[in-house]
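J.: Here is a sequence together with a model predicted from it:
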Amino acid sequence: MNSVEIDSDLVQRTIDFHGHWCPGLAIGIRAAELALKEIGKASDEEIVAVVETDMCGVDAIQYLTGCTLGKGNLIHKDYGKNAFTFYRRRDNKAVRLVTRREIFAKGGPLLTELNRKVQEGGLTSEEEQKWKEIRDDIAKRIMEADLSEIFELKTPSHPMPKKARMVSSLLCESCGEGVMETRTRRLGGKTYCIPCFDALEKRF
């Protein structure tokens, strides 16, 4: 396996990149750590990451592994799962990491309740202090736990994604804006971008 160390300086740079410290970012850092050990770092498109959530940890995976949306080797699947799959093209090695729920067990239910209150109208000063304490405690536990305590390793059920490819740009016949050919929709013999197509569908 590859030798990798994510030291405190690199953790801080990851926090700076993301903007704040939280349990989700900690999950992403540890997922990246495991991916770097098992698969390696992406210098270009050699490594592909497929993430099944848009949570904070995806920023850590992007920053630490070198997989990015712009290169086409960071792919988001909107499944709402704390699960991350990494592929290595040269030898087809792949691993799927699924976050164990147990890592959130202590303090998790109360944090869920406080998160709901944050969304609905805010916390009292006492609740906000408790919220911060629980988040810090969970994040600390994630950073100190053995990787096997955080993730279940599985064999991916899906094949390695194809390499990103250059495609032609077409004009949407409604808004006149350019759109990738692979993202166009056809209706009544005309070409539309997805937003215009969706708007037309709602009218019928």
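T.: Arrived safely, thanks for sending.

J.: Could I get the average pLDDT for the helix or strand encompassing Asn115?
T.: Secondary structure from DSSP states H and E places Asn115 in helix 108-120. The average pLDDT for helix 108-120 rounds to 82.

J.: Could I get the buried residue list for it?
T.: By neighbour count with 16 or more other CB atoms under 10 Å, helix 108-120 contains the buried residues 111, 114. Placement of C-beta: from N, CA and C, glycine included.

J.: Could you do stretch 52-65 as well?
T.: 52-53, 55-65.

J.: Could you identify the helix or strand that succeeds the helix or strand of the chain with the lowest mean pLDDT?
T.: Scoring the helices and strands of the chain by mean pLDDT, DSSP states H and E places helix 108-120 at the bottom, with a mean of 82. Sequence order places helix 125-144 as the next helix or strand after helix 108-120, per DSSP H and E.

J.: what's the closest non-adjacent residue to Phe17?
T.: Spatially, and ignoring its direct neighbours in sequence, Phe17 is nearest to Tyr63 (4.8 Å; CB to CB, 6 or more residues apart in numbering).

J.: helix, strand or coil for that neighbour?
T.: Judged by DSSP: H, G, I helix; E, B strand; the rest coil, the three-state class of Tyr63 is helix.

J.: Can you give me every residue that contacts it?
T.: Contacts for Tyr63 (CB atoms under 8 Å, 6 or more residues apart in numbering) come out as 13-14, 17-18, 32.

J.: can you list the residues you listed in a markdown table and add distance to Ser125, neighbour count and pLDDT?
T.: Shown next, in a markdown table, are the contacts of Tyr63 (distance: CB to CB, whole Å; neighbours: other CB atoms under 10 Å; pLDDT from 0 to 100):
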| residue | distance to Ser125 | neighbour count | pLDDT |
| --- | --- | --- | --- |
| Arg13 | 31 | 13 | 97 |
| Thr14 | 29 | 22 | 97 |
| Phe17 | 30 | 13 | 97 |
| His18 | 26 | 20 | 97 |
| Ala32 | 35 | 28 | 97 |
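
J.: Looking at these, which is nearest Ile103?
T.: Ala32 (16.0 Å; CB to CB).

J.: residue contacts, the closest residue to the closest one other than its chain neighbours?
T.: Sequence neighbours aside, Leu64 is the residue nearest to Ala32 in space, at 3.7 Å (criterion: CB to CB, 6+ apart). Neighbouring residues of Leu64 by CB under 8 Å, 6+ apart: 6, 10, 14, 28-29, 32-33, 36.

J.: ok, now Pro195?
T.: Cys175.

J.: Name the helix or strand for it, please.
T.: When elements are assigned from DSSP H and E, Pro195 belongs to helix 194-203.
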